[in-house]
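How does the following fold in three dimensions:
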Amino acid sequence: MYKTIAVMYGSDSSEWEVACRSGEFTASRIDGDKYDVYEIFARFGRWQLVAFKKKDAMKVTFPEGSRPEIDKTDFSVNVLGEKVKFDYVYIMQHGAPGESGQLQGYLEMLGIPFSTCSSSVSAIAFDKYACKSYIRDLGLVKCAPDAFVHKGADIQKFAAEVPGKLKFPVFVKPTIGGSSFGVTMVKQPSELVTAINYAFAEGPTVLVEQGVHGRELTCAAYRTSGEVKTLPIIEIITENEYFDYDAKYNGHSREVCPAEASEDIVRLIQSTTARIYSNLGCAGVVRMDYILADDGLYFLEVNTIPGMTSASLVPKMVRTAGLDMTAWLTDIIENG
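Numbers count the residues shown, from 1 in each chain. Have a look, this model is predicted:
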């Protein structure tokens, strides 16, 4: 059993504040009777200890400006005269470097176990175009038609060709990142160039994807003792045109858990999720998003580090499954 858990949150992306909330929630639910828990805020190469709680002791929080720096040579920290080395890392960074595989690569080189997919799997899953190409080839689920463009290409020429390939409306999204940052629903070809340039603010590559009309459903999977398990599915019903940042974080959506769906639909989504998880080589808790259309189930994206605030989708699934959050996190840490 591990003794000293580091929960890493924050990130270099636009999602860093959401990642902090996810990390703080996760740290508060990890079993304080079993582990010493250390909270690390990491952003743009600066890793600092925010707080720690030793077994059966009070939590100690460091004010900004006096937070101990993490020693990256061996992933340790000097706290109140004691050198602490972490023997497990629970990664709660949405966006790079924690979701892109960079942090995982660092930990793999040091031989420190962590809670997520490997560096290589994280890198594939993090890029929406690469991940979708991989999953399309598996033949497990439908994928909407799309077009791909990178910064430096002739955007006007690319935009002029899209109407001949895709039906509108389309979604223009950066291939990296989450929380709907940089995403635009485009109804007219004349709006494409502006939307593409907006998406480029989040990353160097952009995916233009044909919109699919249907029910938005999501399901999470995790591995325990060698077996892939799935959680109850959720239907997301948004008041907005789509599930954008406002709908996700400002209460403009309804999340029905468990989703009101037939046993066949539930079985289809859970089995598809488990098969994608296994075929992609995932580890830890991973959430898959879908659109259920009249002509079948369409894959949207893989979230290798899904949100973990008290209001996030995965904690809702865990509660609906009748699982205790603290015991469930212990299972992920010890048996994942």
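
Do you have the helices of this structure handy? List them.
16-29, 102-110, 119-126, 128-138, 155-165, 192-200, 245-249, 263-280, 313-320, 325-335 (DSSP state H).

Out of these, which is closest to I234?
helix 313-320 (5.5 Å; C-beta to C-beta). From N, CA and C alone the C-beta is placed, and that goes for glycine too.

quick one: that closest one to helix 16-29, angle?
Angular relation of helix 313-320 and helix 16-29 on a 0 to 180 degree scale: 30 degrees, by axes from the mean of the first three to the mean of the last three C-alpha atoms, to 10 degrees.

Distance from the chain centre to helix 313-320, please.
Computed by C-alpha atoms, centre = their mean, to the nearest Å, the chain-centroid distance of helix 313-320 equals 15 Å.

Stretch 187-194 now?
For stretch 187-194 - counting by C-alpha atoms, centre = their mean - the centre lies 28 Å from the chain centre.

Give me the distance between the two termini of it.
Distances were taken as C-alpha to C-alpha, to the nearest Å; on that basis the terminal residues of stretch 187-194 are 12 Å apart.

Other residues contacting it?
With contacts defined as C-beta atoms under 8 Å, 6 or more residues apart in numbering, stretch 187-194 is touched by 155-156, 159-160, 162-163, 168-170, 172, 184, 186, 208.

closest to K54 among those residues?
If you rank these by distance to K54 using C-beta to C-beta, T184 comes first, at 47.2 Å.

Give me the pLDDT value at the closest one.
Predicted confidence (pLDDT) for T184: 91.

Make sure it is actually in contact with F171.
Yes. With contacts counted by C-beta atoms under 8 Å, T184 reaches F171, the gap being 7.3 Å.

Is there a neighbour count for the residue nearest to K316 when sequence neighbours are not counted? I'd like the number.
Closest residue to K316 apart from its sequence neighbours, by C-beta to C-beta, 6 or more residues apart in numbering: C257 at 4.8 Å. When neighbours are counted by other C-beta atoms under 10 Å, C257 registers 17.

Domain-wise, how is this structure divided?
Structural domains annotated on the chain: 4-115, 123-142+213-335, 145-210, as defined by automatic domain parsing.

how about the nearest residue to M308, chain neighbours excluded?
In this structure, M308 finds its nearest non-sequential neighbour in S22, 4.1 Å apart by C-beta to C-beta, 6+ apart.

Surely the one you found is in contact with A311?
No. The pair S22 and A311 fails to qualify as a contact (C-beta under 8 Å) at a distance of 10.6 Å.

Same drill for those two, tell me which one is more crowded.
Between S22 and A311, S22 has the larger neighbour count (other C-beta under 10 Å), namely 25 against 13.

Check the gap between the residue lying closest to R215 once chain neighbours are set aside and E216 for me.
Distances taken as C-beta to C-beta, 6+ apart place L292 nearest to R215, at 4.5 Å, with adjacent residues excluded. Between L292 and E216 the distance is 8 Å, computed by C-beta to C-beta, to the nearest Å.

same question, C20
Summarising the geometry, the distance separating C20 from E216, computed by C-beta to C-beta, is 26 Å.

Check which residues of stretch 329-336 are buried.
Neighbour counts over stretch 329-336 (16 or more other C-beta atoms under 10 Å) mark L329, T330, D331, I332, I333, G336 as buried.

List just the nearest of these to D74.
Nearest to D74 among those: I333, at 21.0 Å, using C-beta to C-beta.

Contacts only, for the closest one.
The contact partners of I333, taken as C-beta under 8 Å, 6+ apart, are Y2, I5, I30, Y35, Y88, Y90, S115.

Tell me how many other residues surround the nearest residue to the fifth one once chain neighbours are set aside.
This points to Y88. Distances taken as C-beta to C-beta, 6+ apart place Y2 nearest to Y88, at 4.1 Å, with adjacent residues excluded. Neighbour count of Y2, defined by other C-beta under 10 Å: 15.
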